[in-house]
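>>> Take this sequence and fold it.
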Amino acid sequence: MSTAPSAAPNPALIFETLNAYQKTEALKAAVELELFTHIADGASTVPEIAKRTQASERGIRILCDFLTIIEFLHKTGAVYTNSPTAQVFLNKHSPNYIGSMAHFLAHDHLTEHFHNFAGSVRKGGTVSKGTLGPEDPIWVEFARSMAPFIAMGAQIVAKIVANPGEPQKTLDISAGHGLFGLMVARENPLAHIYAADWSNVLQVAKENAAKFQVAERFHTIPGSAFETDFGSDYDLVLVPNFLHHFDIPTCTNLLKKCHKAMKKGATLAISEFVPNEDRISPPMAASFSVQMLGGTDAGDAYTFKELSKMATEAGFGNPRSQPLEPTPQTLVLATA
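Predicted coordinates for the structure are as follows:
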């Protein structure tokens, strides 16, 4: 017997879904035009916004009306104002600005993965010829563009795993912008961070280490996480947003490599989009598997049960999890 809620057939849902790409492009355009920032600075009508953005009045009218429909703007008469979300997260004057995400999440390289999604479904993995390789410049784009969004989760993780006052040798795998390790360094003045990633990406991490004034405690391990020598005696290993790119055996082997590099009793910290066992909730974490199907050969959004099994088979004990609210991610911890 079906447990699905009854609802009337809705052809509008089909129309809206097939046109959903327009939301992506509209928001990306608004970010490029710094539209929300101009509105925050006092431009509130079509002529004023068009002048500030150096765009046509027709284009601005249509864009602003659409952004109002999708709840990024409010409109009263001829006056537009930012929604609370846009004011806090898309206004460049805000300390919580994350609009730079548009440069990565809506990058042509990533959206191209979905131009033949039926092919990915048939294959069970990406059919895109533009999969990312070593030293690909897009990972630098990721490191720069996603850092403001990632920072919030990295700060939460650091408060959980850092041990202020104790020496804490920390390995940050697929470090990218370096923020997960750098937040640990900020929380614990005795922590030394070893960041593993491609050499071009680690340049961004080095810049951030200097910015946070922890460069003397920040070290790099350039190259593939599957091939480089991590060293040994780590007290903490961070694996943020990395396992989802690979299949379970590959993830398990990487965790085995991590285990060999850690002290007994050390902490493994995995940050991921973790769906519930039903794989349809919570919506944002569960839908991340679509990104992995379109963009990777074998990646997925793994449940806590799957991540726990990987960790256990790699030699870790006591797997446990906690949500990283208000972010959509979950922290999975285990003990070496």
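>>> in a strand, that's where Lys129 is, yeah?
No - going by DSSP: H, G, I helix; E, B strand; the rest coil, the assignment for Lys129 is coil, not a strand.
>>> which ones are touching it?
Taking CB atoms under 8 Å, 6 or more residues apart in numbering, we find Lys129 in contact with no residue. Backbone N, C-alpha and C define where each C-beta goes, glycine included.
>>> Retrieve the pLDDT associated with it.
Looking at Lys129, its pLDDT is 73.
>>> how close does it sit to Asn116?
Distance of Lys129 to Asn116, given as CB to CB, to the nearest Å: 10 Å.
>>> Same check on Asn200?
Noted for Asn200: a distance of 29 Å to Asn116, by CB to CB.
>>> Repeat that for Ile150.
Taking CB to CB as the measure, Ile150 falls 29 Å from Asn116.
>>> give the contact list for Asp235.
By CB under 8 Å, 6+ apart, the contact set of Asp235 is 163, 166-170, 262-263, 266-267.
>>> Mind jotting down where the strands sit in the protein?
Using DSSP state E, the strands of the chain run over residues 73-76, 79-82, 168-173, 191-197, 218-222, 234-240, 262-272, 317-323, 330-335.
>>> Mean pLDDT and distance to Glu57 added to those, as CSV?
Shown next, in CSV, are the strands of the chain (pLDDT from 0 to 100; distance: least, CB to CB, whole Å):
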stretch, mean pLDDT, distance to Glu57
strand 73-76, 98, 15
strand 79-82, 98, 13
strand 168-173, 98, 48
strand 191-197, 97, 45
strand 218-222, 96, 49
strand 234-240, 98, 44
strand 262-272, 98, 45
strand 317-323, 97, 45
strand 330-335, 98, 46
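>>> and Leu307, which of these is closest to it?
With distances scored as CB to CB, the stretch of the strands of the chain nearest to Leu307 is strand 330-335 (5.0 Å).
>>> So which elements touch that closest one?
helix 137-161, strand 262-272, helix 304-313, strand 317-323 (3 or more CB pairs under 8 Å, 6 or more residues apart in numbering; DSSP states H and E).
>>> now these as TSV including distance to Pro189?
As requested, the helices and strands packed on strand 330-335 are arranged in TSV below (distance: least, CB to CB, whole Å):
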stretch	distance to Pro189
helix 137-161	13
strand 262-272	18
helix 304-313	29
strand 317-323	25
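>>> can you redo these as JSON lines with mean neighbour count?
Formatted as JSON lines, those follow (neighbours: other CB atoms under 10 Å):
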{"stretch": "helix 137-161", "mean neighbour count": "20"}
{"stretch": "strand 262-272", "mean neighbour count": "20"}
{"stretch": "helix 304-313", "mean neighbour count": "18"}
{"stretch": "strand 317-323", "mean neighbour count": "13"}
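>>> Nearest approach to Ile248 belongs to which of those?
Of all the helices and strands packed on strand 330-335, helix 304-313 sits nearest to Ile248, with 6.3 Å by CB to CB.
>>> Please tell me I have it right and Ser271 contacts Ile150.
No - the criterion here is CB atoms under 8 Å, and Ser271 misses it with Ile150 at 9.2 Å.
>>> Quickly list what's touching both of the two.
180, 240-241.
>>> Of those residues, grab the buried ones for PyMOL.
The PyMOL selection below is limited to those of the shared contacts of Ser271 and Ile150 classed as buried (16 or more other CB atoms under 10 Å):
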select buried, resi 180+240+241
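>>> So which of the shared contacts of Ser271 and Ile150 is the closest to Ala7?
Distances from Ala7 to the shared contacts of Ser271 and Ile150, taken by CB to CB, are shortest for Asn241, at 35.1 Å.
>>> Show the contacting residues for the closest one.
Asn241 makes contact with 150, 174, 271-272, 329, according to CB under 8 Å, 6+ apart.
>>> how close does it get to Ile62?
Counting by CB to CB - Asn241 and Ile62 are separated by 36 Å.
>>> Show me what Val79 bridges to in the sheet.
Thr76 (DSSP bridges).
>>> Please tell me how far it sits from Phe316.
Separation of Val79 from Phe316 (CB to CB) stands at 57 Å.
>>> what's around the nearest residue to Glu71 once chain neighbours are set aside, how many residues?
The shortest distance from Glu71 to any non-neighbouring residue, by CB to CB, 6 or more residues apart in numbering, is to Ser83 (5.8 Å). Per other CB atoms under 10 Å, the neighbour tally for Ser83 reads 17.
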